[in-house]
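>>> got a sequence here, can you model it:
(one chain, ligands or ions: 1)
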Amino acid sequence: MSLADAVPAPLRTAAAALTTAVAMLALAPHAGDAAGALPAARKVDPAARKVDDAARNSDPFLRTFDHLLVVSVDGLRPDLLETPHLASFPNFARLLEGAHTLDARTDPQFTITLPNHISMLTGRPVFGPYGHGWVDNDEPPGAKQGGSLHVRKGAYMASMFDVAHDAGLSTSFAASKTKFWLFEQSYGWDSGARDTTGDDQGPSKIDLFLFGDRTGDIAGAMADRLRRVSGRSLNFIHFAAPDIAGHSYDWVVKPGSPYFISVQEVDRGLGTILEAIDADPDLRGRTAIVLTSDHGGGVPRKTHTDITCPLNFRIAFLVWTGGGDPASDLYKRSALRVRPGREEIGDRDAEAQPIRNGDAGNVALQLLGLPPIPGSYYGLLRPMTASDPVPAGNSQSN
Ligand SMILES: [Zn+2]
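Predicted coordinates for the structure are as follows:
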């Protein structure tokens, strides 16, 4: 089967549309840089910064940032980020400066934690020819017992960390649920692929793995990490508290509810991180944040497993490029994405896709001036790379 046969027709159409989008991007300074063209990336060329700053005035999306933080707020419902509730979350409000949507979607077939986080980091849906195929939401088995994304897939599956680390960036992962050891087992230590591009940065795609089950601790650890990092960096942080409150007391969107209080806790954590960015000239204006969620919650009561319910599948997707940029509709930033009906999760194979949490990894790489994740499907401005042939025997369509 040739690659053309393997790629569904809607993708091929999308790829044609992409050519136009990429050509447009290539006109902007640095937007067309390939990974190989980047310097070893430990140092940032001041001259390049000037050009970037000029580009930023016209379009912050085309600026190359030095540091990227992808934030996942487990179980965050986007109605919290609307008036009147938004007044209770000043740091989320700050992150709403810039392009965003409160009408993004989870994976088309899953509204549970692990499968959606794997999508964020690999740019793949759960199922389909490009799917990552991991449907479990429990603690993964040990690495040697099959607790690895690559073993389950039957082939190595790159993540956003592979692309950034191979390009010489420092990478970190901060989690607040133990099931996230799956990512350490898949990309940490000697689990990653050999680096065959430029200087060999080694097989550990995640340099620093942080774990803390308290919101303040994990936020503080990430703030510290950002303060101390040298060179450029790609970082990921996961906040579990809203999901835990939701499962214990339900997703009650009302001031004073345990769920509401847990999101205020995350807001303070974001404040700790934003303070670190504000205070450091190496971070301020050089750091972008992509924030999204694995799912919402509340249906059935105290959980989020009903994939037909908008309260579960509707999520936020925020792209913060340092503040000062006017709030804008992220759907207007991507000609390839279509806002779905409020009751629609969006069909997996439809040509018109909504913005999904699976876009996070490639949006992050785009803002770092890096190429997309090999084999990835999602990504707002450069999605659906179709660069890897579909592995034989892996075209499940369940
Ligand atoms: Zn949950």
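>>> all the strands of this protein, in order from the start?
Ranges of strands in the chain, per DSSP state E, are 67-73, 99-105, 170-175, 208-211, 233-239, 287-292, 314-320, 328-329.
>>> got TSV for those strands, with mean pLDDT too?
TSV is the format used below for the strands of the chain (pLDDT from 0 to 100):
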stretch	mean pLDDT
strand 67-73	98
strand 99-105	97
strand 170-175	97
strand 208-211	96
strand 233-239	98
strand 287-292	98
strand 314-320	97
strand 328-329	93
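>>> distance between the ends of stretch 231-246?
38 Å (CA to CA, to the nearest Å).
>>> which parts of it are buried?
232-246 (16 or more other CB atoms under 10 Å). Glycine gets a C-beta too; all of them are placed from N, C-alpha and C.
>>> ok, stretch 277-287 next?
Result for stretch 277-287 [16+ other CB under 10 Å]: buried residues Ile277, Leu283, Gly285, Arg286, Thr287.
>>> which of those residues fall in helices?
Among these, the residues falling in helices (DSSP state H) are Ile277.
>>> quick one: residues contacting Phe183.
Taking CB atoms under 8 Å, 6 or more residues apart in numbering, we find Phe183 in contact with His117, Leu121, Ser159, Phe173, Ala175, Ile206, Phe209.
>>> count the residues that sit near the nearest residue to the third one once chain neighbours are set aside.
Read that as Ser159. Leaving aside its chain neighbours, Ser159 sits nearest to Leu121 (4.5 Å; criterion: CB to CB, 6 or more residues apart in numbering). Using other CB atoms under 10 Å, Leu121 has 28 other residues around it.
>>> what's near enough to touch Leu121?
Leu121 sits in contact with Ser159, Met160, Phe161, Phe183, Phe236, Ala360, Gly361, where contact means CB under 8 Å, 6+ apart.
>>> quick revisit: which one among the buried residues of stretch 231-246 gets closest to Trp189?
Checking the buried residues of stretch 231-246 against Trp189 by CB to CB gives Phe236 as the nearest, at 16.8 Å.
>>> excluding chain neighbours, what is closest to Val135?
Leaving aside its chain neighbours, Val135 sits nearest to Pro115 (5.8 Å; criterion: CB to CB, 6+ apart).
>>> pretty sure the one you found sits against Asn137.
Yes. The criterion here is CB atoms under 8 Å, and Pro115 meets it with Asn137 at 7.0 Å.
>>> for the residue nearest to Ser159, give me the pLDDT.
Per-residue pLDDT puts Leu121 at 98.
>>> again, but for Asn394
37.
>>> now the helices: where do they sit in the protein?
Assigned helices in the chain, in chain order: 3-6, 9-26, 46-58, 90-95, 113-122, 149-153, 160-166, 181-187, 215-228, 241-249, 258-279, 310-313, 360-367 (criterion: DSSP H).
>>> which of those sits closest to Pro326?
That would be helix 46-58 among those, by CB to CB, at 12.4 Å.
>>> next, the contact list for Ser119, please.
Asp107, Pro125, Val126, His132, Arg356, Asn357, Gly358, Tyr378.
>>> so Tyr249 touches Tyr259, yeah?
Yes. The criterion here is CB under 8 Å, and Tyr249 meets it with Tyr259 at 6.3 Å.
>>> before we move on, the earlier item: out of the contacts of Ser119, which comes closest to Thr83?
Using CB to CB, Asn357 is the member of these that sits closest to Thr83, with 23.8 Å.
>>> for the closest one, what are its contacts?
So Asn357 contacts 72, 104-107, 116, 119-120, 292-294, 315, 317 (CB under 8 Å, 6+ apart).
>>> which among these gets closest to Thr215?
Ser72 (12.9 Å).
>>> quick check: beta-bridge partners of the closest one?
His238, Thr292 (DSSP bridges).
>>> so it is in contact with Asp294, correct?
Yes. Assessed by CB under 8 Å, Ser72 is found in contact with Asp294 at 6.1 Å.
>>> so where is the protein shaky, pLDDT-wise?
For the chain, applying pLDDT under 70 flags the ranges 1-58, 381-398.
>>> mind running it again at 80?
1-62, 324, 335, 380-398 (pLDDT under 80).
>>> returning to what we had before: nearest to Asp59 among the contacts of Phe183?
For the contacts of Phe183, the residue nearest Asp59 by CB to CB is Leu121; the value is 26.0 Å.
>>> could I get the helices of the chain as a markdown table with distance to Gly341?
Shown next, in a markdown table, are the helices of the chain (distance: least, CB to CB, whole Å):
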| stretch | distance to Gly341 |
| --- | --- |
| helix 3-6 | 30 |
| helix 9-26 | 18 |
| helix 46-58 | 33 |
| helix 90-95 | 26 |
| helix 113-122 | 21 |
| helix 149-153 | 32 |
| helix 160-166 | 30 |
| helix 181-187 | 33 |
| helix 215-228 | 34 |
| helix 241-249 | 25 |
| helix 258-279 | 26 |
| helix 310-313 | 9 |
| helix 360-367 | 23 |
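>>> closest one to Asp195 among those helices?
Among the helices of the chain, the nearest to Asp195 by CB to CB is helix 160-166 (4.6 Å).
>>> helices or strands up against that closest one?
helix 113-122, strand 170-175, strand 233-239, helix 360-367 (3 or more CB pairs under 8 Å, 6 or more residues apart in numbering; DSSP states H and E).
>>> apply 10 Å and report the result again.
strand 67-73, helix 113-122, strand 170-175, helix 181-187, strand 233-239, helix 360-367 (3 or more CB pairs under 10 Å, 6 or more residues apart in numbering; DSSP states H and E).
>>> out of these, flag the one nearest Gly324.
helix 360-367 (15.8 Å).
>>> got the angle between that closest one and strand 287-292?
In terms of direction (axes from the mean of the first three to the mean of the last three CA atoms, to 10 degrees), helix 360-367 departs from strand 287-292 by 160 degrees.
>>> how about the CA coordinates for helix 360-367, as PDB?
Listed next in PDB are the C-alpha coordinates belonging to helix 360-367 (Å, rounded to 0.1, in the frame of the first residue of the first chain):
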ATOM      1  CA  ALA A 360      -0.900  21.200  21.800                       C
ATOM      2  CA  GLY A 361       2.400  19.500  21.000                       C
ATOM      3  CA  ASN A 362       2.800  20.800  17.500                       C
ATOM      4  CA  VAL A 363       1.600  24.300  18.400                       C
ATOM      5  CA  ALA A 364       4.300  24.300  21.100                       C
ATOM      6  CA  LEU A 365       7.000  23.200  18.600                       C
ATOM      7  CA  GLN A 366       5.700  25.800  16.100                       C
ATOM      8  CA  LEU A 367       6.200  28.600  18.600                       C
END
